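>>> Need the 3D shape of this:
(chains A, B, C and D)
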Amino acid sequence: MPVQLTEQPLDVSGLINAARRAHAGALAVFIGTIRDHAQNRSVTAIDYSAYESMAEAVLQTIEEECAKQWPDVYVLCHHRVGHLVVGDDAVVIVASSPHRSEAFEACRHVIERIKEDCPIWKKEWDEQGASWVSPRP
Amino acid sequence: MPVQLTEQPLDVSGLINAARRAHAGALAVFIGTIRDHAQNRSVTAIDYSAYESMAEAVLQTIEEECAKQWPDVYVLCHHRVGHLVVGDDAVVIVASSPHRSEAFEACRHVIERIKEDCPIWKKEWDEQGASWVSPRP
Amino acid sequence: MPSQITLTVLFFASTAEATRVKSWDCTLDEGALISDLSAQLQRQFPMVKPLLRSCRFACNESFVPQQHRLADGDTVALIPPVAGG
Amino acid sequence: MPSQITLTVLFFASTAEATRVKSWDCTLDEGALISDLSAQLQRQFPMVKPLLRSCRFACNESFVPQQHRLADGDTVALIPPVAGG
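The predicted model follows:
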C-alpha cells in the first residue's frame, strides 16, 4: 500500500526499496521518530491514535496532490499508531524521482500536510503522567 | 566515519541507524542511485572515479558548513566509487535533527555542494560504449 | 413539525476523554448546519465546550466549515488539533 | 637565472585519458601562477587544450584561481567538470 496506517513497526528499508524505480535516480526520505524530550519536558513514550479511515483518506489525498504537482515522483508513506517509545519511528515517507528537487519537495510536502490535516493525535508520557499534544494551539 | 568514499556497496540502513540520536526526532535522507537512462540514452553502468583524498576533504568541508549553519544537525555522507550498475546506490546522505526543516535543508545542502565541488567523475556506459559525464558544460 | 435528520458524531483524543464516549447519535432539524450541531454538542456535553474552540469538524471524512449543511446519515467527527508525524 | 620550483600535476577522468598519464612533474620559475602552469600544460599536452576551458585547478586539494601563486612542492590537480552524487 502506498499510504497506510499501521500498528506494526515501520520497515524503513522495505519502504525505501519499494519506492525504487529504474528511471528514478533520486530518493528523498523523511523519518519522524520519538525523541526523548518536547518543550523541555522529558518524554518516555507516546500513544498515537487516529481517526483511521479518515487518516488514510487524507494520506491518499496528499499522495494525489503530489501526483498532480510532481507527476514523475512516486511517493510512499506509512504512519504508525499505538504505543511508541523513544527511538521508534512514527512516520516514514519516501519519494523517488528522476530528479532530486522534486523528490525533496514531494517528501517535504507530505510531512507538512500530515502535520496540517491528518487526524492523528499523540499523548505524550513523562514522569508526571500523560498529556495530549496540541501543536496548533 | 561521518563522511567517506568507499568501493563497498553503501549500507543505507546502517547509515540511517548511525545517524539516529535520542534528541533528534527528524531524519532526512537522500539516496542517489544509478538510473537506467540519461539525456534519453539508455545507461547500463557507471564507473565512478575520484581524486579521493581531495573528495574526502571536500566532503569534510561540506560537513563543517552544515555544522556551522545548522548546529543541531548531525550529518553522515558516504559516496561510492568504482563500477556501479543500474539500481546501485552512488551516494547516501543522512541528516538527523530535533527539527525537520534543518534536517531537510542540511541534507539538500550536502547533495548540492557535492555536485558543485566534490572531485568525483562518472563514465556512463551504454550500448555504444562509455563517455564522461559533464553536467557543467 | 419539520422533518429531522440523524447523525453519528465521533469523538477522538482529548474530546473523547472529555465526553467519555467515542460516538453519539444526534437528531437535528433538516437543514441544520455544523454550527447548529456545535451548539447542540455544547448543550449535551458541557465539558467539551472549552475544547471546541480549537477543534475542526469533518463530515464523512472531509473537513467542512461551520456553514456546511448536514444530511441524514452523515458521520460527523470532532477533530482536535492534529499531531501526526 | 631565477630559482625554480617543482610541482606535481595530477590528471583525472577525461584529462587523464587525454594526457595518458595520471601524474606529471613540472618545473616552473619561482613566482609562477596557475595561469603559467596552464600555459605550460598546453605546450606539453596539446591534447588537453580543448578540455582546459571547462577545468578548474586545485592546489594541495583546494580549488584555486588562475592568479594563485605556486610554491615549491605543491600538488596541483586539473579538475574536469565534477559529476558526483
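>>> got a list of what the most centrally placed residue in chain A touches?
Residue closest to the average C-alpha location in chain A (CA atoms, centre = their mean): A:V91, at 3.1 Å. Listed by CB atoms under 8 Å, 6 or more residues apart in numbering or on different chains, the contact partners of A:V91 are A:10, A:30-32, A:77-80, A:111, A:114, C:84-85. Yep, even glycine has a C-beta here, placed from its N, CA and C like the rest.
>>> ok, 6 Å please
By CB atoms under 6 Å, 6 or more residues apart in numbering or on different chains, the residues touching A:V91 are A:32, A:79, C:85.
>>> Could you list the paired strands of whichever strand or helix holds it along with their orientation?
Assessed by DSSP states H and E, A:V91 sits inside strand A:89-97. Its sheet considered, strand A:89-97 pairs with strand A:26-33 (antiparallel), strand A:74-80 (antiparallel) by DSSP bridges.
>>> which stretch among these comes nearest D:Q66?
Closest approach to D:Q66 among those (CB to CB): strand A:26-33, 34.5 Å.
>>> Just checking: what are the partner strands of the helix or strand of chain A with the lowest mean pLDDT?
Within chain A, no helix or strand scores below strand A:37-38, which has a mean of 86 by mean pLDDT, DSSP states H and E. According to DSSP bridges, strand A:37-38 has the following sheet partners: strand A:41-42 (antiparallel).
>>> Just to be sure, A:I111 is in a helix?
Yes - counting by DSSP: H, G, I helix; E, B strand; the rest coil, A:I111 is located in a helix.
>>> Contacts only, for it.
By CB under 6 Å, 6+ apart, the neighbours of A:I111 are A:30, A:93, C:85.
>>> Highest neighbour count among those?
Within the contacts of A:I111, neighbour counts (other CB atoms under 10 Å in any protein chain shown) peak at A:I93, which reaches 28 neighbours.
>>> Quick check, that residue in contact with A:F30.
Yes - judged on CB atoms under 6 Å, A:I93 makes contact with A:F30 at a distance of 4.5 Å.
>>> Between those two, which contacts overlap?
Common neighbours of A:I93 and A:F30 (criterion: CB under 6 Å, 6+ apart): A:107, A:111.
>>> So, low pLDDT: which residues of chain A?
Along chain A, the model assigns pLDDT under 70 to residues A:136-137.
>>> So which residues of it form helices?
Counting by DSSP state H, chain A has helices at residues A:12-19, A:52-69, A:100-117.
>>> residues in contact with the first one?
When contacts are taken as CB under 6 Å, 6+ apart, the neighbours of helix A:12-19 outside the stretch itself are A:74, A:76, A:92, A:94, A:96, B:13.
>>> cool, and the second one?
Residues outside helix A:52-69 that contact it (CB under 6 Å, 6+ apart): A:2-3, A:5, A:73, A:75, A:77, A:106, A:110, A:113, A:117-120, C:61.
>>> What subset of these is buried?
When these are checked for burial by 16 or more other CB atoms under 10 Å in any protein chain shown, the buried set is A:2-3, A:5, A:73, A:75, A:77, A:106, A:110, A:113, A:117-120, C:61.
>>> List just the nearest of the residues you listed to A:G25.
Nearest to A:G25 among these, counting by CB to CB, is A:V73 at 12.3 Å.
>>> State the distance from the closest one to A:R113.
14 Å (CB to CB, to the nearest Å).
>>> which parts of the strand holding A:V91 are buried?
Going by 16+ other CB under 10 Å, strand A:89-97 has these buried residues: A:89-97.
>>> again, but for stretch C:27-35
The neighbour-count check on stretch C:27-35 (16+ other CB under 10 Å) flags C:28, C:32-34 as buried.
>>> out of those residues, which touch chain B?
Residues of those in contact with chain B (CB under 6 Å from any CB of the partner chain): none.
>>> Just the ones in helices from these, please.
Among these, the ones falling in helices (DSSP H) are C:I34.
>>> if we take the buried residues of stretch C:27-35, which one ends up nearest to A:D36?
Closest approach to A:D36 among those (CB to CB): C:I34, at 39.8 Å.
>>> just checking, that closest one touches C:Q67?
No - distance between C:I34 and C:Q67: 7.1 Å, which falls outside the contact criterion (CB under 6 Å).
>>> List the contacts of C:F63.
Counting by CB under 6 Å, 6+ apart, C:F63 makes contact with C:R56.
>>> part of a strand, is it?
Yes - counting by three-state DSSP, C:F63 is located in a strand.
>>> For chain B, what's the nearest residue on chain C?
C:G85 (8.0 Å; CB to the nearest CB).
>>> wait, what's in contact with that residue?
By CB under 6 Å, 6+ apart, C:G85 lies in contact with A:32, A:91, A:111, A:114-115.
>>> near chain A, which residues of chain C?
Taking CB under 6 Å from any CB as the criterion, chain C approaches chain A at residues C:12-14, C:61, C:77, C:79, C:81-85.
>>> Redo the residues you listed as TSV? Include secondary structure and pLDDT.
Compiled in TSV, the residues of chain C next to chain A are given as follows (DSSP: H, G, I helix; E, B strand; the rest coil; pLDDT from 0 to 100):
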residue	secondary structure	pLDDT
C:F12	coil	98
C:A13	helix	97
C:S14	helix	97
C:E61	coil	98
C:A77	strand	98
C:I79	strand	98
C:P81	coil	97
C:V82	coil	98
C:A83	coil	96
C:G84	coil	96
C:G85	coil	94
